[in-house]
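> I would like the atomic coordinates for the input below:
(one chain, ligands or ions: 1)
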Amino acid sequence: KEKVEITKEQRTLMKVIVDAYSTHQIPQDVAKKLLQEQYSADENFLLLTEMATSQVQVLVEFTKNIPGFLSLDREDQIALLKGSAVEAMFLRSAQVFSRKMPSGQTEVLEERIRKSGISEEFIIPMFNFYKSIVSLHMVQEEQALLTTITILTPDRPYVKDQQAVERIQETMLELLRKLCVLQRPQEPQYFARLLGRLTELRTLSHYHAEMLTSWRTNDHKFTPLLCEIWDVQ
Ligand SMILES: COc1ccc(-c2nc3ccccc3n2[C@H](C(=O)Nc2c(C)cccc2C)C2CCCCC2)c(OC)c1
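Below you'll find the predicted structure:
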């Protein structure tokens, strides 16, 4: 039986990542807003673009706290941010969706999202992904590390020094592996299941541009930052 132990430096690394992840949360809670009232498809589109824009800014701040990220080549840092922003947004949305809410609230939220203005064809894959995240019952450490691992994907477009990214990602993968073993000794496959969600996440993220352009609104207006990050306009 493997004796798994978190080293002192891994504990420090964990604390840095989790603190950064919880600090750099989006200020206004979109779930609360959505539960308060039903918005029109136009209002929802505006809300989505506002949320996504602030999410990118939050992501930039978060990456500054990932040990080693700032010592990567500057252009590679940008390539990693551009390449992971959509996935990080869906991961964050899934985590918001999987939050414990008073009974019945999750169903209301789900209904509001289904009726938000997104076109029908994307609702199934999106909720399949959200429900697969809900079923993992991830703790905060796992959520923070999974986002970090997503950001540190070496094979994003235009990354020059993939080895350097791989080295940092491997550190995070090893830490997450240990956490999973310690957290769920009775579920040896749990770590593999977590990583499997990243594949689902990448597939879902392929649809993001179409999700936006097919949104039931007359005016698909994007912020300059979103034009940079999303393949729209
Ligand atoms: C590209 O297409 C998308 C992306 C995300 C969602 C989405 N899934 C959610 C799950 C739970 C709570 C809210 C959720 N959102 C949107 C949201 O803001 N996501 C969000 C963002 C964007 C940043 C940070 C954090 C979050 C949560 C609401 C935007 C306003 C209309 C309703 C969806 C979506 O829903 C149709 C379609």
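> In three-state terms, how would residue 138 be classified?
Using DSSP: H, G, I helix; E, B strand; the rest coil, the structure places residue 138 in coil.
> quick one: contacts for it?
95, 98, 146, 194 (Cβ atoms under 8 Å, 6 or more residues apart in numbering). No exception for glycine: its C-beta is placed from N, CA and C like everyone else's.
> ditto for residue 215
Residue 215 neighbours (Cβ under 8 Å, 6+ apart): 41, 45, 48, 117-119.
> Need the max-distance pair from these.
Across the contacts of residue 215, no pair lies farther apart than 48 and 119, at 13.2 Å, counting by Cβ to Cβ.
> Looking at those two, which one has more neighbours?
residue 48 (21 against 12; other Cβ atoms under 10 Å).
> shouldn't residue 13 be in contact with residue 171?
Yes - under the criterion of Cβ atoms under 8 Å, residue 13 makes contact with residue 171 at 7.2 Å.
> Low-confidence stretches in this structure?
1-2, 27-28 (pLDDT under 70).
> what does the chain have sitting close to the ligand?
Counting by Cβ under 6 Å from any ligand atom, the chain comes close to the ligand at 26, 30-31, 34, 44, 47-48, 51-52, 55, 89, 92-93, 96-97, 113, 116, 118, 208, 211-212.
> Contact partners for residue 128?
Counting by Cβ under 8 Å, 6+ apart, residue 128 has contacts residue 200.
> now it: how far from the ligand?
In this view, residue 128 and the ligand are 13 Å apart by Cβ to the nearest ligand atom, to the nearest Å.
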